[in-house]
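[1] Here is a sequence with its predicted model. Questions after.
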Amino acid sequence: MKLVVFTKKEDCSIYICFEELFVKLNIEFYIFDKLDLSFISSTFSNKDNIVAVIDYESFGDEVLSFTRIIKNINPQAKILITNAPQDVDKAMQFFASGVTYYLTTEIDKFCLCKFINELAESYVSSQNMSNDPTNLFVGKSKPIQKIKALLPTIAETNCNILITGETGTGKELLARVIHQLSPRRYGPFITLDCTTLQETIFESEVFGYEKGAFTGAIASKKGLVELADGGTLFIDEIGELPLPLQKKFLRFIQEKTFMRVGGTRLLKADVRLIAATNRNLEEEVKKGNFRSDLYFRLNTLIIEIPPLRERKEDIPLLLEHFIKVKTKEIGRDFKGFSKGFLEAIMNYSWPGNVRELQNLIERALILAKDGYLTEDLLPGYIKKSEEHKLINQKELINHDLTLLSNSHKSLNDIEKEVILHALIKNNWNQTKTAQYLGISRKQLINKIKKYGLHKENITWLKYREDKIKTTNQ
């Protein structure tokens, strides 16, 4: 790896006192006092692992164009800007150009060592993943393997993609993998979070504004759409977008053109759109909460990520992955885990999905002073879920025995009765019913279709509900 520093400051001792670190990581070291293209072309190549540290105070606004030159010559280069202006718009421009770190203060010895270590590790990680970026999306279950098999083909196109799934299943990670596999991998990946945008500032944040467009607009500003030009625009939780804003966004999706607030020129942005939602947009369209024309523009290709409780065979792999990542992040050792810890992890329903598992592993590693993970480190609600599961299983066994006492019923009739009983007991909530029965939601849906157990189709339901609820009291 090569470390290249650009600064006019005479006191460069901070950059030349890391011989031990450089020897350890096999780093070549260079210092330049000019932002000169000849230095770049003679020092960088598109195959070298480069870390460039640029002092903004030394060179001013020309730093931005220079970072773009570096990224054009070596798209994989990591760039760290120091002494940068405390300006959000400028920071967004730098990040859009491919800058890894944007620091508004001087960097000290400790911080530089930390950054160099992280960047060196990221190069190793990226090299390990470069042949197959789909490895970033951890899992071996059939649903995940099907998604992974589709990704290379999907990524080659520019078609719109809609990723669906519960909160915490990894929708943004999957979008980033698609971006890395695509021809746009060297372009920006910009996230538009629909849960944080207020209606009054939507247009100015997404499409930008011209100088003087409103009070406080002292200079023109690019919006997220323009910053994503040449790359991917990830629209997170698009189901949360209010109806008035949906109409404004639809025009851009259709034409790939937009106008800044206060502007008169029609601008274009070459972006690939990937949207994500935890809502059922078909149902939202029926309810009138989501525009049908916008939905049909987005759903050229739909990828559904199943919840973690429906692919529990992925938990051991995710457990191993998060332990590796988190031990490095928090500086803790890992020596192993108890059988009880693993059983609790495997039996929990994970309503927060992969994100909840990640947070729990981090919590357990922090609390485990000896590096050994035991069930005592788990939150109380996970241990209680085990107790509730045993109680539910006993209830089901007792109910099944009652049904079996009627010898005139077939096994299918008995299964139908058990599922109907569970649906009514859980107020027809499919997720809770599946957990109650100890099966996946997908299995439950198949059973409901098999036996025609739809609430509107059961004419004698009111009598049956009253009977079951009376029995349960």
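    Nice, thanks for sending it over. Residues are numbered from 1 along each chain as shown.
[2] Please identify which helix or strand holds the most centrally placed residue in the chain.
    Residue closest to the average C-alpha location in the chain (C-alpha atoms, centre = their mean): residue 172, at 2.9 Å. Using DSSP states H and E, residue 172 sits within helix 171-181.
[3] For that helix, C-alpha coordinates in CSV please.
    C-alpha atoms of helix 171-181 as CSV (Å, rounded to 0.1, in the frame of the first residue of the first chain):
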residue,chain,number,x,y,z
LYS,A,171,-32.3,-3.9,2.1
GLU,A,172,-29.7,-1.1,1.9
LEU,A,173,-26.8,-3.6,2.1
LEU,A,174,-28.4,-5.5,-0.8
ALA,A,175,-28.7,-2.3,-2.8
ARG,A,176,-25.0,-1.5,-2.2
VAL,A,177,-24.0,-5.0,-3.4
ILE,A,178,-26.0,-4.4,-6.6
HIS,A,179,-24.3,-1.1,-7.0
GLN,A,180,-20.8,-2.7,-6.5
LEU,A,181,-21.6,-5.4,-9.1
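[4] about what we covered before: quick one: contacts for the residue nearest to the centre of the chain?
    191, 234, 236, 276 (C-beta atoms under 8 Å, 6 or more residues apart in numbering). From N, CA and C alone the C-beta is placed, and that goes for glycine too.
[5] and the gap between it and residue 181?
    15 Å (C-beta to C-beta, to the nearest Å).
[6] Could you check the pLDDT of the closest residue to residue 307 other than its chain neighbours?
    Spatially, and ignoring its direct neighbours in sequence, residue 307 is nearest to residue 166 (4.9 Å; C-beta to C-beta, 6 or more residues apart in numbering). pLDDT, residue 166: 93.
[7] got a list of what residue 166 touches?
    Per C-beta under 8 Å, 6+ apart, neighbours of residue 166: 278, 307, 353.
[8] if I read this right, the last one contacts residue 306, doesn't it?
    No. Residue 353 is not in contact with residue 306 according to C-beta atoms under 8 Å; the separation is 9.5 Å.
[9] Identify the contacts common to these two.
    In contact with both residue 353 and residue 306: 165, 169, using C-beta under 8 Å, 6+ apart.
[10] What is the least confident helix or strand in the chain?
    Least confident helix or strand of the chain, by mean pLDDT, DSSP states H and E, is helix 461-472 with a mean of 44.
[11] Show me where the stretch 151-300 of the chain has its strands.
    Assigned strands in the stretch 151-300 of the chain, in chain order: 161-164, 189-193, 208-209, 221-222, 232-236, 257-258, 267-268, 272-277 (criterion: DSSP state E, counting those that start in this stretch).
[12] same for the fourth one, what does it pack against?
    If you count contacts as 3 or more C-beta pairs under 8 Å, 6 or more residues apart in numbering; DSSP states H and E, strand 221-222 packs onto helix 88-96, strand 208-209.
[13] Just the mean pLDDT for the first one, thanks.
    Think helix 88-96. Rounded mean pLDDT across helix 88-96 is 80.
[14] can you give me the offset of it from its chain's centre?
    Centroid separation for helix 88-96 versus its chain: 21 Å, with C-alpha atoms, centre = their mean, to the nearest Å.
[15] Over to the shortest one?
    Chain-centre distance of strand 208-209: 27 Å, with C-alpha atoms, centre = their mean.
[16] what sits up against that strand?
    By C-beta under 8 Å, 6+ apart, the residues outside strand 208-209 that reach it are 203, 217, 220-223, 225-226, 260-263.
[17] one step back: among the helices and strands packed on strand 221-222, which is the most enclosed?
    Neighbour counts (mean count of other C-beta atoms under 10 Å) averaged over each of these peak at strand 208-209, with a mean of 23.
[18] Quick check: mean pLDDT of that one?
    90.
[19] Hmm, residue 226 is touching residue 267, no?
    Yes. In this structure, residue 226 is within contact of residue 267 by C-beta under 8 Å, at 6.9 Å.
[20] what touches both of the two?
    Common neighbours of residue 226 and residue 267, using C-beta under 8 Å, 6+ apart, are residue 258.
[21] Tell me which of the strands of the stretch 151-300 of the chain lies nearest to residue 349.
    strand 161-164 (19.6 Å; C-beta to C-beta).
[22] Using CSV, write down the CA coordinates of that closest one.
    The C-alpha trace of strand 161-164 is given here as CSV (Å, rounded to 0.1, in the frame of the first residue of the first chain):
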residue,chain,number,x,y,z
ILE,A,161,-35.5,-2.3,-8.6
LEU,A,162,-37.8,-2.5,-5.6
ILE,A,163,-36.5,-4.3,-2.5
THR,A,164,-39.1,-5.4,0.0
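[23] in its sheet, what does it sit against?
    Take DSSP bridges as the rule and strand 161-164 pairs in its sheet with strand 272-277 (parallel), strand 301-304 (parallel).
[24] mind giving me the domain split of this structure?
    2-129, 142-306, 309-378, 382-472 (automatic domain parsing).
[25] quick one: which of these is nearest residue 135?
    Smallest distance to residue 135 across the domains of the chain (C-beta to C-beta): 5.4 Å, for domain 2-129.
[26] what is the rounded mean pLDDT of stretch 320-335?
    84.
[27] And stretch 363-370, by the same measure?
    The model assigns stretch 363-370 a mean pLDDT of 88.
[28] in that stretch, what's buried?
    Buried positions in stretch 363-370, judged by neighbour count with 16 or more other C-beta atoms under 10 Å: 364-365, 368.
[29] With stretch 428-439 instead?
    By neighbour count with 16+ other C-beta under 10 Å, stretch 428-439 contains the buried residues 428, 432-437, 439.
[30] possible to save those as a markdown table with secondary structure?
    Below are the buried residues of stretch 428-439 laid out as a markdown table (DSSP: H, G, I helix; E, B strand; the rest coil):
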| residue | secondary structure |
| --- | --- |
| 428 | coil |
| 432 | helix |
| 433 | helix |
| 434 | helix |
| 435 | helix |
| 436 | helix |
| 437 | helix |
| 439 | coil |
